[in-house]
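J.: I need the structure of the sequence given here:
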Amino acid sequence: MKRFSLLLVFVAAMSFAQESGTAPAPLTPAPTKPTCNPNNLFTGRDCKDKIKAYDQAMQQRQHHAKEVQQFVDRQKEQATAQAIAPLQQQITDQQGQIKSLQDQMQADATAALQAKSDAHKRGLWQGTGIGVAASLLGLGLFFGIKRYGLGLTVTRKPQGS
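T.: Numbers count the residues shown, from 1 in each chain. As a prediction, the model looks like this:
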């Protein structure tokens with residue numbers, strides 16, 4: 001399954017790259033490993049040449065496979081960057097909105113605290129004013145009653161009737 005998905009990624013990258021003209025050539029099939037004996041007196045030299053050619057072909061194939069893998073990795077990075085860019089922009093926009101809302105909340109909280117403080121001060125002044133007015137009214141009644149109350153005389157009724 002893993003090889004199949006790697007193959008799909010490779011095929012997709014190759015087709016995308018071929019459209020853009022930058023794809024490396026596909027991997028050639030691996031050459032068959034020679035089965036001859038290099039220590040044989042009669043065919044030893046020819047066998048050593050075949051083994052050397054096989055080793056060189058495998059090294060070239062491995063080098064080419066690395067190039068293809070690097071190409072696929074670059075294609076993945078580019079595709080990821082293209083897919084992520086709109087999301088990153090959306091995140092940036094939402095972060096800006098969050099910052100704006102936080103600033104608005106801070107301003108609203110400050111205004112509410114100021115309004116509460118102002119209402120408290122206003123309540124204190126009104127309470128003080130009511131207290132002073134009530135005290136003055138009480139004193140006025142007390143002294144008014146005292147002043148007009150001194151001129152009254154209290155008479156007793158005779159007791160023995």
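
J.: least trustworthy helix or strand in the protein by mean pLDDT?
T.: Lowest mean confidence among the helices and strands of the chain (mean pLDDT, DSSP states H and E): helix 2-20, at a mean of 49.

J.: count the neighbours of the closest residue to residue 37 other than its chain neighbours for me.
T.: Among residues not flanking residue 37 along the chain, residue 47 sits closest, at 6.3 Å (C-beta to C-beta, 6 or more residues apart in numbering). In this view, the C-beta of every residue, glycine as well, is placed from N, C-alpha and C. When neighbours are counted by other C-beta atoms under 10 Å, residue 47 registers 17.

J.: so who does residue 47 touch?
T.: 34, 36, 37, 38, 40 (C-beta atoms under 8 Å, 6 or more residues apart in numbering).

J.: out of these, who has the most neighbours?
T.: The residue in the contacts of residue 47 with the most neighbours, by other C-beta under 10 Å, is residue 34 (17 neighbours).

J.: mind checking pLDDT for the nearest residue to that one once chain neighbours are set aside?
T.: Nearest residue to residue 34 in three dimensions, chain neighbours excluded: residue 50, at 4.1 Å (C-beta to C-beta, 6+ apart). Residue 50 carries a pLDDT value of 87.
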